[in-house]
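Sequence and predicted structure below; questions after.
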Amino acid sequence: MSESKKKAGILGAGGFTGIELLSILSKHEYIEVVYATSSEYKGRKVTNVMPYLESSSLDNLEFSKHPESAADLPKLDLIFLAAPDEVSIKFTPLFLKENIKVIDISGAFRISDDNIFESYYGLKRNDKETLEKAVYGIPEINREKIKSARLIANPGCYPTATIAPLWFMKDFLKEIKTPIFIDAKSGTSGAGGRKEKDTLPFSGVHENFRAYKVGMHQHEPEISQEVQKFLNNAEINFTPHLLPLFRGIQSAAYFGAEITTSPDEIKEIIKEKIKDEPFIRMYSSPNDIELKNVQNTNFLDFSFHYDEKKKIMTIISSIDNLQKGAAGQAVQNMNLLFNFQEAEALY
Ligand SMILES: NC(=O)c1ccc[n+]([C@@H]2O[C@H](COP(=O)([O-])OP(=O)(O)OC[C@H]3O[C@@H](n4cnc5c(N)ncnc54)[C@H](OP(=O)(O)O)[C@@H]3O)[C@@H](O)[C@H]2O)c1
């Protein structure tokens, strides 16, 4: 392996997002994955658990057990945390102290208010020093800050699908007259991890459709916090639903608003603005936004319809929750951090 490669680790490499990270990083020209933890798979070769990665750069990597302290880690330039929130709360300050950059895929450092965090996550944080280091990792919005960050709070999947389109639309929204109602649907991998809950197995979702965590999903305050940074006083009402499929999120955001110019002109201006964005695609019609165009990719697709009579905006967007909503975006952030091509390993 080349000396110039950066050394990366993954805590929680045996879960949905960890496995996705391994797949993406196996194609990365400038990263060597030297540490991947899973107590479930410890001692097994990665290619034994993921046979489709045979003959890749991960051929010799074995899963290790989860660490008890930072001393259990080999020398790393960066670690991805793809584990439960409480694990990130415990380990992030320890890894930062060892000068290891951290990309945290959990929700541990996304919400800046400790009380709001505690009420949605049921966890105490009390770590201002670490929290202050966290940069919210939507590259299309925070690209420059991400480049010099030591800790990236990788956004949630629903927040990614909804915040980025609103950000590209923000300059054209003159007055928002109602809450922004976000009606979003996710495949089961976005709603629970590898170890299935009672309601998530095939028999619980097949031929079925339902809302979940109504009025109490932890992504509502995350979306509110980030959207209010560019749309003053915007209220968010968020309702997630469970789709009978494994991966992908489709979101519809509806709200009453005045717009500054015609919908066709808005689309033309946004298309021009995003022409160098590697992963953002704007479509002419919201009817063209569908999961099959984004599944297994790092793309975010969106479009909108504006009802001129009722003055109601409807934005439809789609992502793959495990890629742009988690591991793909985490690698995009890492590429920025290390000054690699932003899309390296992601096409
Ligand atoms: N799924 C998504 O679409 C998505 C999107 C954005 C963010 N996230 C966030 O990403 C994180 C992982 O989600 P996931 O869907 O990949 O979950 P998952 O499939 O349940 O995987 C969780 C991973 O964490 C590991 N783990 C459990 N307890 C641990 C501990 N005490 N110390 C270290 N590692 C531990 C597990 O280890 P074993 O392998 O030993 O079981 C497993 O590898 C969560 O915080 C989640 O909120 C998920």
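Perfect, thanks for sending it.

strands paired with the longest strand along the chain, and their directions?
In the chain, assigned by DSSP state E, the strand with the most residues is strand 249-259. Using DSSP bridges, the strands paired with strand 249-259 in its sheet are strand 173-176 (antiparallel), strand 180-186 (antiparallel), strand 312-319 (antiparallel).

Quick one: closest of those to the ligand.
The closest of the strands paired with strand 249-259 to the ligand is strand 180-186. By CB to the nearest ligand atom, the value is 7.5 Å. Any C-beta I mention is one placed from the backbone N, CA and C, and that applies to glycine too.

Mind checking what helix or strand follows that closest one in sequence?
Reading on from strand 180-186 to the C-terminus, the next helix or strand found by DSSP states H and E is helix 202-205.

Now do the longest strand of the chain: distance to the chain's middle.
20 Å (CA atoms, centre = their mean, to the nearest Å).

Which positions in the stretch 101-250 of the chain make contact with the ligand?
Applying CB under 6 Å from any ligand atom, we find that the stretch 101-250 of the chain lies next to the ligand at 105, 106, 107, 156, 157, 189, 190, 193, 194, 195.

Mind picking the one among these that's closest to the ligand?
Using CB to the nearest ligand atom, those come closest to the ligand at residue 193, 1.9 Å.

Next, count neighbours for the closest one.
By other CB atoms under 10 Å, 17 other residues sit near residue 193.

on that earlier part again, for residue 66, which of the strands paired with strand 249-259 is the nearest?
strand 180-186 (26.7 Å; CB to CB).

Now render the strands paired with strand 249-259 as CSV, adding mean neighbour count.
Below are the strands paired with strand 249-259 laid out as CSV (neighbours: other CB atoms under 10 Å):
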stretch, mean neighbour count
strand 173-176, 14
strand 180-186, 22
strand 312-319, 24
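
With mean pLDDT added, can I get these in TSV?
Below are those laid out as TSV (pLDDT from 0 to 100):
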stretch	mean pLDDT
strand 173-176	93
strand 180-186	98
strand 312-319	98
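
Would you mind saying which of these lies nearest residue 8?
Of the strands paired with strand 249-259, nearest to residue 8 by CB to CB is strand 312-319, at 23.2 Å.

Tell me which residues are up against that closest one.
With contacts defined as CB atoms under 8 Å, 6 or more residues apart in numbering, strand 312-319 is touched by 157, 160-162, 164-166, 169, 173, 248-257, 259, 286, 289-291, 293-294, 299-307, 325.

rerun at 7 Å
For strand 312-319, contacts defined as CB atoms under 7 Å, 6 or more residues apart in numbering pick out 160-162, 165-166, 169, 248-257, 286, 289-291, 294, 300-306, 325.

now stretch 43-52
By CB under 7 Å, 6+ apart, the list of residues contacting stretch 43-52 from outside reads 19, 22, 36, 41, 53, 54, 58, 59, 61, 62, 63.

Would that stretch count as contacting the ligand?
No. Under the criterion of CB under 6 Å from any ligand atom, the ligand is not reached by stretch 43-52; the shortest gap measures 9.6 Å.

Could you pull up the residues touching residue 164?
Applying CB under 7 Å, 6+ apart, the residues near residue 164 are 138, 140, 141, 280, 300.

tell me the contacts of the first one?
Pointing back at residue 138 there. 155, 160, 163, 164.

Just put those residues in JSON lines and tack on distance to residue 101, secondary structure and pLDDT.
JSON lines is the format used below for the contacts of residue 138 (distance: CB to CB, whole Å; DSSP: H, G, I helix; E, B strand; the rest coil; pLDDT from 0 to 100):
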{"residue": "155", "distance to residue 101": "17", "secondary structure": "coil", "pLDDT": "98"}
{"residue": "160", "distance to residue 101": "21", "secondary structure": "helix", "pLDDT": "98"}
{"residue": "163", "distance to residue 101": "23", "secondary structure": "helix", "pLDDT": "98"}
{"residue": "164", "distance to residue 101": "23", "secondary structure": "helix", "pLDDT": "97"}
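
Start and end of stretch 263-282, how far apart?
Stretch 263-282 stretches 13 Å from its first residue to its last (CA to CA, to the nearest Å).

Low-confidence ranges, the stretch 1-150 of the chain, go.
Filtered on pLDDT under 70, the stretch 1-150 of the chain yields the residue ranges 1-3.

Quick one, which of the contacts of strand 312-319 are buried?
By neighbour count, with 16 or more other CB atoms under 10 Å, the contacts of strand 312-319 hold 160-162, 165-166, 169, 248-257, 286, 289, 291, 294, 300-304, 306, 325 as buried.

Residue 61 is in contact with residue 38, isn't it?
No. If you go by CB atoms under 7 Å, residue 61 and residue 38 don't touch, sitting 11.5 Å apart.

Now the phi/psi pair for whichever residue of the stretch 1-150 of the chain sits closest to the ligand, please.
Taking CB to the nearest ligand atom, the ligand has its nearest neighbour within the stretch 1-150 of the chain at residue 15, 1.8 Å off. Residue 15 adopts backbone torsions of phi -90, psi -180, taken as degrees, to the nearest 10.

Check residue 213 too.
phi 50, psi 40.

out of everything not next to it in sequence, what's closest to it?
residue 240 (6.2 Å; CB to CB, 6 or more residues apart in numbering).

Who has more neighbours out of residue 61 and residue 38?
Legend: neighbour count by other CB under 10 Å for residue 61 and residue 38, higher for residue 38 (25 against 21).
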